[in-house]
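Trainee: Sequence and computational prediction follow.
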Amino acid sequence: MQAGTVQSAVSALARCDLFRYPSFLGNCYGRRHFRHAASFSFSTLHGFSQGQGIGAVSSHSYDQRHDDNQEPSRRNCHHLLRQTHSTQLPIHQTFSSTKRHLSTTSNNSSIGVLSKKAATAPVDYPTAQRFWALPPAIGIHLSIGSVYVYSMWTPGMSKLLGVITAAPNDWTHSELLPVFSCAAVVLGVTTSTFGEWVEKVGPRTAGMVGSAFWSGALLTAAAGVETHNLPVVYLGYGLLGGVGWGLMYLTPVTSAMKWFPDRRGLATGIALSAFGAGAALAPSVIHALVESFAVAPHYIGDCLLTSGGEAAQPLVELTTLSDGSQVIASNSPVGEPGTPVVVATEADVAKSSGLVTTGPGVYEIGTGDTGIAKAMASLGVLYGIVGAVGSRFMQIPHPDWKPDQSAISKDDGNEENLAKSDANESFDSNNIGLPASYVTANTRQFPLLWFSVFGNATGGLALLSSSKLMLTDIFAGVAPDIVTPAFSTGYVSALGVGMALGRFGWSAISDVLGRQNTYALFSLGIPIVGMTPYLCHTVVDMTSRGGGGEAVLPYLITFCGGSVMAITFYGGIFSVLPAYIADLYGQKYAGAIHGKALTAWAGSAVAGPMGLAYLRSYSYENALQDLLHEVEAHDASALERSFGVCISDKEAIQNLAKAKTLTIEKLLELAPANTVDPTPFLYDTTCYVAAGLMSLAALSNLAIRPLNLSKELKNLEEGKRIKV
């Protein structure tokens, strides 16, 4: 007898689940291989009862159908046992060898908790317990959902130096909004490039990597804000944040759909509603953190522009430099000459959320703190922890797992649904579907679906990226007592709630109405967006005739309610999309196809925020020119008294505007009392363009025709590439 060969067999046995886990019957990995372990155990006992050695175990006691699915150590065990088939060794001589190997091999063959194997549930996992796979996915999406409330950061980031109002070297909204677009582009690249990698490594590894990127993104962006370095902000929030966003978005969605092949819409709705919930919770948290860390700038005194020509105390004299910035004049009775300053109007103070109590006037640049950097860093740590914990407990079904049909029928209380599920069993399988490369290159449905997502998402992203700014611009001037910073924060949270409800509600409704019909309902957002300019003009016209306050409230409620409804459509676009894809192309490669389709979202994230920034900037410049004409007609010397430049000096006025020294708020101080504030009209063009894109998206969705999946699979197997 070859003692060395038997020793090798015993070493392999020690690496089997049966010996590695004393309580393996209660272990998820042990249950998965119970049949194989039991088969081996009974065969071994039979050999022992006959007085034979361990080598007498029959090789047929192993289920050959599952050999390829076993870990390497188990395959080695099977192989060596077959080699020693004719070998005889009494049991008392093998027991001590086995015992020694238990302690030396168990650690070496342990499974990493983040591996795909560790995240895979047993093949007999109860259908009734599959909902327990959703809480970790919800945790991941809660942590990444705050990416949608980027508008909570931009007001503070646009006045980091001036704090109370923008200083000459502060960043503009046109410079800040592309940060969100950059993150969205990287999201699209990430989901498109790493969709198959996510499927390969499993949800735990992908989620953990995504959490690390998202946490690092906020910490890096916080460093950029603290040092006033815009490229670092782009690197953090734009690049690292986009990668983290993509991985943390894709991982829970694909995992949830695998657990619910019979209810794909419901599964993605539950997972993605947490994304909206994260966006709903984040504004209040951000607002509280920013307020706790914010520090008011040093108040120097009143000036001619803000005093209205009447002041009981000496006014601060200012000098305007060639670049448009202002400093305290050498002959000023108040303040240190040469000190860089900003001038805050009553409107600026009203937007400061109670940070300053000294009122309008002159403030020293660089003496305060918006609190943005510290708040962003705090959330980076918090979200990193939440995402990591959720990733650790992510779980996916075994490739051969299928939901128990009787459990589905019992849950639904509908025998017809069971029959439908049985009829479509082959197409509900997680192992049926068209590859992503085939879908994107050989089907007409994909580009139509892509544009449907792009057009619908553009308007929603324009609103989400600038929601707080838009509400303040449109209604803060006509209803300052109602539209406070706290109200604006609540509005952003309400949009998050709407997105959460839309992601869950519309996805569940799509299981009944169908995906295409549900997408068709999203066209109801077209009149909401297209009629917004009319609403704004009506409110301004009413207040200019003496109305205001409570009279504005119905219009404000209409605006906020319409915005929330439009955002539910936006949320529904993405919660219905994975199920839409799976219905069209099958579930097997739905994750990879979903990643390709999300490039449409990346495109809309560029077109939406950056388009809004460009159109708003264009409208702002036109509004400044109109106000300058109003001031010139009213008092041509007013501009020279306040800013030290002649109204006919176009270059000097342009420098003042670039330095944020000349603003709409300051020109309104010099204009006639009945001058209409043009700020609410800055978004008219944006709304019209967004409504047009949404109309084209609705037509694209209606043009989609269902695929004959069985025919396409047959064509694919035969090597045909026929565009359908």
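Mentor: Thanks, I have it. Everything numeric here is computed off the predicted structure, so don't read it as measured data.
Trainee: ok, then the element right after the lengthiest helix in the chain?
Mentor: The residue-count maximum for a helix in the chain (DSSP state H) belongs to helix 590-634. Next helix or strand after helix 590-634 toward the C-terminus (DSSP states H and E): helix 638-643.
Trainee: so what does that following helix touch, helix or strand wise?
Mentor: Helix 638-643 sits against helix 304-307, helix 590-634, helix 664-670, with contacts defined as 3 or more C-beta pairs under 8 Å, 6 or more residues apart in numbering; DSSP states H and E. The C-beta positions use only the backbone N, C-alpha and C, and glycine is treated the same way.
Trainee: pLDDT on the helix or strand following the first one, on average?
Mentor: Using DSSP H and E, the helix or strand that follows helix 304-307 towards the C-terminus is strand 318-320. Confidence over strand 318-320 (mean pLDDT, whole number) is 91.
Trainee: where do the helices sit along the stretch 301-450 of the chain?
Mentor: For the stretch 301-450 of the chain, applying DSSP state H, counting those that start in this stretch gives helices covering 304-307, 346-350, 372-392, 405-412, 415-423, 425-428, 436-442, 445-475.
Trainee: Arrange those helices in a markdown table, one row each, with mean pLDDT, mean neighbour count and distance to residue 209 as further columns.
Mentor: A markdown table is the format used below for the helices of the stretch 301-450 of the chain (pLDDT from 0 to 100; neighbours: other C-beta atoms under 10 Å; distance: least, C-beta to C-beta, whole Å):
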| stretch | mean pLDDT | mean neighbour count | distance to residue 209 |
| --- | --- | --- | --- |
| helix 304-307 | 77 | 20 | 52 |
| helix 346-350 | 83 | 19 | 43 |
| helix 372-392 | 94 | 21 | 8 |
| helix 405-412 | 52 | 15 | 34 |
| helix 415-423 | 40 | 13 | 35 |
| helix 425-428 | 43 | 16 | 30 |
| helix 436-442 | 84 | 18 | 21 |
| helix 445-475 | 86 | 25 | 25 |
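Trainee: What distance do you get for residue 313 to residue 715?
Mentor: 85 Å (C-beta to C-beta, to the nearest Å).
Trainee: just residue 673 next, same as before
Mentor: Applying C-beta to C-beta to residue 673 and residue 715 gives a distance of 74 Å.
Trainee: got it, and residue 565?
Mentor: 42 Å.
Trainee: neighbour count winner among those two?
Mentor: residue 715 (17 against 14; other C-beta atoms under 10 Å).
Trainee: what helix or strand is the more buried one on?
Mentor: helix 709-717.
Trainee: Can you give me the buried ones in that helix?
Mentor: 709, 712-713, 715 (16 or more other C-beta atoms under 10 Å).
Trainee: looking at it, residue 638 is touching residue 631, isn't it?
Mentor: Yes - Residue 638 is within contact range of residue 631, at 5.9 Å (criterion: C-beta atoms under 8 Å).
Trainee: so what sits against both of these two?
Mentor: residue 670 (C-beta atoms under 8 Å, 6 or more residues apart in numbering).
Trainee: Look at those two and report which has more neighbours.
Mentor: Legend: neighbour count by other C-beta under 10 Å for residue 638 and residue 631, higher for residue 631 (21 against 18).
Trainee: quick check, nearest of the buried residues of helix 709-717 to residue 496?
Mentor: residue 709 (36.4 Å; C-beta to C-beta).
Trainee: can you tell me which residues contact that closest one?
Mentor: Counting by C-beta under 8 Å, 6+ apart, residue 709 has contacts 427, 432, 434, 585-586.
Trainee: Where does pLDDT dip in the chain?
Mentor: Scanning the chain for pLDDT under 70 picks out 1-111, 264-265, 268, 308-312, 405-430, 547-549, 719-724.
Trainee: thinking again about what came up before, the longest helix of the chain to helix 445-475, inter-axis angle?
Mentor: Orientation check (axes from the mean of the first three to the mean of the last three C-alpha atoms, to 10 degrees): helix 590-634 against helix 445-475 gives 30 degrees.
Trainee: mind checking how far helix 590-634 is from the chain centre?
Mentor: Relative to the centre of its chain, helix 590-634 is centred 20 Å away, using C-alpha atoms, centre = their mean, to the nearest Å.
Trainee: now swap in stretch 631-638 and tell me
Mentor: 49 Å.
Trainee: cool, stretch 352-364 as well?
Mentor: With C-alpha atoms, centre = their mean as the basis, the mean position of stretch 352-364 lies at 35 Å from the chain mean.
Trainee: And it, end to end?
Mentor: 16 Å (C-alpha to C-alpha, to the nearest Å).
Trainee: Cheers, nothing more for now.
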